[in-house]
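Enquirer: got a sequence here, can you model it:
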Amino acid sequence: MTNRFIYLCLALLAMLKTTTYAQQALPSASEAFAQGDYAEVARYYQGQIAESNTPTSDMLYNLGVCYTQMEHLPEAILAYERALYLEPTHQLARHNLGLLYKQIKGGMGDGRGLMTRWADRLCYQFTIQTWATIALATFALMLLALGSFLISRVLTRKKIFFYSSSLLGLLCLVANACILRQWYYHKMSQSQAIVQQGQQLMSTPEAEAVAIAELHEGTPIGILTTKETASEVRLPDGRIGWIANTSFTRILPIKQ
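Expert: Got it, this is the predicted structure:
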């Protein structure tokens with residue numbers, strides 16, 4: 001059984017969900033949040049995540065809310081990214097994450113433009129399973145409409161069946177595109193990490209390497225290869241270089 005508690009964060013209502021075991025500690029955590037003791041609430045959710053065999057997206061989202069209030073940008077971004085890995089359709093986490101990426105110094109962000117964010121809002125309205133159901137249903141209806149178009153002898157009906165099959169085919173393509181997009185980003189997030197401290201992106205892992213870019217806290221990176229002390233990474237703008245392994249935290253595993 002779960003309970004949800006509503007908190008104000010970034011002009012949004014944050015829904016806090018915990019397990020029955022956690023209900024005994026929730027009143028004190030809720031009181032601490034109301035008093036602005038976000039560090040105490042963050043410790044509470046850190047403990048819940050550490051003790052849980054299956055951390056939930058809401059636990060991680062609530063932790064992200066606390067870090068946001070504490071202005072701990074890298075930790076908040078990491079918590080939201082992990083929440084979205086578990087539940088890609090978590091709209092509050094996605095919205096807050098987008099706001100935080102805009103705060104990264106240097107304007108690096110997550111490299112997503114206006115059209116990309118619009119596409120994400122569409123794709124993550126439903127889960128992959130729901131999109132798959134929509135794709136199958138529209139495909140079946142498209143075939144039915146197309147068959148009716150072929151056998152119909154009345155011109156008006158043929159037009160209706162033709163346009164209906166075209167529209168259903170378009171919806172089927174959109175559903176499949178959303179499935180592929182969600183699958184791609186879910187796969188990509190398995191090798192993603194968040195920069196925890198300012199670091200220069202170097203051309204090679206050697207000491208004589210040349211600096212390529214200045215990375216700031218909270219910058220998302222993709223891990224390409226990993227060596228003993230450094231990793232080759234890709235930035236959101238496509239640039240590739242090397243940074244120290246101690247300067248970033250991977251999104252996975254969630255419990256570290």
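
Enquirer: what sits closest to the residue most central in space within the chain if chain neighbours are left out?
Expert: Centroid-nearest residue in the chain, with Cα atoms, centre = their mean: Leu84, separated by 3.7 Å. Leaving out its chain neighbours, the residue that sits closest to Leu84 by Cβ to Cβ, 6 or more residues apart in numbering is Ala93, at 5.4 Å. The way it works is simple: take the backbone N, C-alpha and C, and place the C-beta from them, glycine included.

Enquirer: sorry, back to before: dump the strand or helix carrying the residue nearest to the centre of the chain to CSV, restricted to CA.
Expert: Using DSSP states H and E, Leu84 maps to helix 73-86. What follows is helix 73-86, C-alpha atoms only, in CSV (Å, rounded to 0.1, in the frame of the first residue of the first chain):
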residue,chain,number,x,y,z
LEU,A,73,22.7,20.5,-9.2
PRO,A,74,24.6,17.3,-10.1
GLU,A,75,22.9,15.2,-7.5
ALA,A,76,19.5,16.4,-8.4
ILE,A,77,20.1,15.7,-12.1
LEU,A,78,21.3,12.2,-11.3
ALA,A,79,18.3,11.5,-9.2
TYR,A,80,15.9,12.6,-11.9
GLU,A,81,17.7,10.7,-14.6
ARG,A,82,17.5,7.5,-12.5
ALA,A,83,13.8,8.1,-11.9
LEU,A,84,13.2,8.4,-15.6
TYR,A,85,15.2,5.3,-16.3
LEU,A,86,12.8,3.4,-14.0
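
Enquirer: can you spell out which helices and strands pack onto that helix?
Expert: helix 57-69, helix 91-101, helix 155-189, strand 192-195 (3 or more Cβ pairs under 8 Å, 6 or more residues apart in numbering; DSSP states H and E).

Enquirer: deepest-packed of these, please.
Expert: With neighbours taken as mean count of other Cβ atoms under 10 Å, these reach their highest mean count in helix 57-69, at a mean of 25.

Enquirer: okay, the angle between that one and helix 73-86?
Expert: 160 degrees (axes from the mean of the first three to the mean of the last three Cα atoms, to 10 degrees).

Enquirer: quick check: mean pLDDT across helix 57-69?
Expert: For helix 57-69, the mean pLDDT works out to 96.
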